[in-house]
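**Student:** Quick check, what structure comes out for this input:
(one chain, ligands or ions: 1)
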Amino acid sequence: MAKKYEGCAVGIDLGTTYSCVAVWQEHLNRVEIIHNDQGNNTTPSCVAFTGHERMIGDAARNQAATNPENTVFDAKRLIGRKYSDEIVQKDKMLWPFKVITGANDKPMIVVKYKGEEKQLCAEEVSSMVLGKMREIAEAFLEKPVKNAVVTVPAYFNDSQRKATIDAGVIAGLNVIRIICEPTAAAIAYGLDRRNSCVEERNIFIFDLGGGTFDVSLLTIKDKNYHVKATAGNSHLGGEDIDNRMVKYFVEEFKRKNKVDISGNPRALRRLRTACERAKRTLSSAITVTVEVDALFQGIDFYSSMTRARFEEINLELFQECMETVKRCLTDAKMKKSSVHDVVLVGGSSRIPKVQQLLQDFFNGKDLCKSINPDEAVAYGAAVQAALLSEGIKNVPDLVLLDVTPLSLGIKLQGDVMSVVIPRNTTIPVKRTEVYKTVMDNQFGTQICVYEGERTRASDNNLLGFFTLSGFPRAPRGHPVDVTFVIDENGILFVSAEEKTTGNKNKITITNDKDRLSTEEVERMIQEAKIFKVEDEKFLRKAKTKNDLDYCIYRIRKALEKADINSTICSKEKEEIWSAINRATDLLDEKNEQDDIIVFEDCLKELQSILERV
Ligand code: AMP
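**Tutor:** A predicted model of the protein is given here:
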């Protein structure tokens, strides 16, 4: 029986490009997708900084073209990765914002906020997006939201999962569970088809989003959701497709106009936005025009793309998706004919070529498009959140059995990877392996923990290491027990024990150097609070200025009327005009440093005048 949490809990799909929040509504007996202040069900995972404010979501994205260097997106592509990671190096070339290396090879995003340079790690940016999703939920539910189930790509590794939990902590959210995106989507699908899942059904989830690609094969029977295998690529999605289009048009622009725009962040940002729009259009149209006025050096960009050309430049990516589909079925040891339903999830699964390749692979099987590809993940997370919450009634009971996406093991002599938990093992899981010392009188050993599928340990991803020492004098072959535990969030804990002495050592890879330390998380929580206070201050000031502007307008109108009726004496009129002029000057003032109190006092003065005239 899982632990139950008190307080309101929501499900958050923290996407690369868009995020979505949902909640189980007891009185409606269903999940509700929560719209944001713009009325949209998804919110751009985008944060922007300017000389005087921080923006998150639609507001941030809307100003991206005019402030590209300080508009941060794609944090999910950075989270849990090292700066020297080949993928980070490649992405960095395409982002208009600056990324530098921080302590322990951690990538840091550099922005200018209120005139000062600020360095942010991916966890902090993601925490801002999570905080925004929480605010959206709180505004809708009209009560505080404490807990959240956050989804991650099934193919996220250990450090990426932990970093996502850290982002939740910085946002002041209690992340009660991390679940995999395709599994969450399967919940949405299973509940939608509740009546037809009485017999065991094999469901294949194909989830192609903005930045990640996951496939999962599950069997659903009654309330049991059992993941059989998962595969994917935590760096493949709609953004890669956009990148290819951008590259194509940059070349075309160079050919036609003999100028290279690739070093200009503003031009690139505007072209990227146009490409993303064109890509969406090509999911329904056969051809699209792409237009950007004065793209670079005053030159207008005007071009077009056919669906055939679009498919040609992206075919390699689409084929990569199909290879992953094949691998998942092989891992699950299941024939494609045994799959009952193929379910499409993620915005990029709308691309016709992707659908066609997938349908061909499954020998012409109809693809299920009945669930909303943008909302299904948050939907499933909301059900899980309700199930983990204390006292919520009528939640459909279900049992989730997920798997670990990557093999986990330790390095043996000769750089050999010895797998303790193979990929696609059902979690939570605990496995113990007995290893032998390799030398006579060996005093201790170093346990190096890796994840990955390569036979050479160093070709895999090193998660952490620790030493166990104090062994008794003994010939080689002396046993040491190594235990791996993976919890329900997919997070690994490793321990080792020498039985005769009872010497033990362990790592919760939680203390891994790549991860934020408790002090760093605490500092970021404090900073997040400061950001929030500053955001509120900015909003208060913006509202006061607005009210002031309106007040001036109303007094002017009242004065016009008074002039006609001659109801105000000239001395008083003079005083009123002088107050209006002071207020107008204050509003016109370019210097934004003015204290909010000055604006509020001025507003009070004008409001009292308004009462008199
Ligand atoms: P998600 O991460 O699931 O929100 O997916 C976002 C991605 O889906 C973005 O890269 C979008 O550009 C892409 N997308 C959304 N709608 C469409 C569409 N109609 N055709 C192609 N791609 C789309």
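**Student:** Which positions in this structure make contact with the ligand?
**Tutor:** 15-18, 209-210, 238-239, 276, 279-280, 283, 346-348, 350-351, 374 (Cβ under 6 Å from any ligand atom). Any C-beta I mention is one placed from the backbone N, CA and C, and that applies to glycine too.
**Student:** go again using 8 Å as the cut-off
**Tutor:** Taking Cβ under 8 Å from any ligand atom as the measure of proximity, the chain contacts the ligand at 13, 15-18, 20, 42, 207-212, 237-239, 241-242, 276, 279-280, 282-284, 345-351, 373-374, 377.
**Student:** Quick one: buried ones out of those?
**Tutor:** Neighbour-count burial (16 or more other Cβ atoms under 10 Å) is assigned, among the residues of the chain next to the ligand, to 13, 15-18, 20, 42, 207-212, 237-239, 241-242, 276, 279-280, 282-283, 345-351, 373-374, 377.
**Student:** Got the phi and psi for Thr287?
**Tutor:** The phi/psi pair for Thr287 (degrees, to the nearest 10) reads phi -140, psi 150.
**Student:** from memory Ile165 sits against Val175, does it?
**Tutor:** Yes - in this structure Ile165 lies within contact range of Val175 using Cβ atoms under 8 Å: 5.1 Å.
**Student:** Now for these two: what residues contact both?
**Tutor:** Val150 (Cβ atoms under 8 Å, 6 or more residues apart in numbering).
**Student:** which regions of the stretch 1-150 of the chain lie under the pLDDT threshold?
**Tutor:** 1-2 (pLDDT under 70).
**Student:** Please enumerate the strands of it.
**Tutor:** 9-13, 18-25, 30-33, 43-44, 47-49, 54-56, 71-72, 98-101, 107-113, 116-121, 147-152 (DSSP state E, counting those that start in this stretch).
**Student:** and Phe465, how many neighbours?
**Tutor:** 16 (other Cβ atoms under 10 Å).
**Student:** Where does it sit, in terms of helix or strand?
**Tutor:** Applying DSSP states H and E as the criterion places Phe465 in strand 461-469.
**Student:** and whichever helix or strand comes after that strand, which strands flank it?
**Tutor:** Sequence order places strand 479-486 as the next helix or strand after strand 461-469, per DSSP H and E. When pairing is defined by DSSP bridges, strand 479-486 lines up against strand 429-436 (antiparallel), strand 492-498 (antiparallel).
**Student:** Kindly report which one of the ones you listed carries the lowest mean pLDDT.
**Tutor:** Mean pLDDT per stretch puts strand 492-498 lowest among the strands paired with strand 479-486, at a mean of 91.
**Student:** quick one: strands adjacent to the strand holding Phe465?
**Tutor:** strand 444-451 (antiparallel).
**Student:** Contacts made by the strand it pairs with with the rest, please.
**Tutor:** 157-158, 406-411, 417, 435, 437, 457, 460-471, 480, 482, 492, 494, 496, 505, 507, 509.
**Student:** any low-confidence regions in this protein?
**Tutor:** In the chain (pLDDT under 70), the answer is 1-2, 195-198, 506-515, 565, 590-594.
**Student:** closest one to His226 among the strands paired with strand 479-486?
**Tutor:** strand 429-436 (13.8 Å; Cβ to Cβ).
**Student:** Distance check, the residue of the stretch 151-300 of the chain found nearest the ligand against Thr544.
**Tutor:** Closest residue of the stretch 151-300 of the chain to the ligand, Cβ to the nearest ligand atom: Gly238 (2.0 Å). Going from Gly238 to Thr544 by Cβ to Cβ, to the nearest Å gives 41 Å.
**Student:** Enumerate the positions of the strand holding Phe465 that are buried.
**Tutor:** Applying 16+ other Cβ under 10 Å to strand 461-469 flags Asn461, Leu463, Gly464, Phe465, Phe466, Leu468 as buried.
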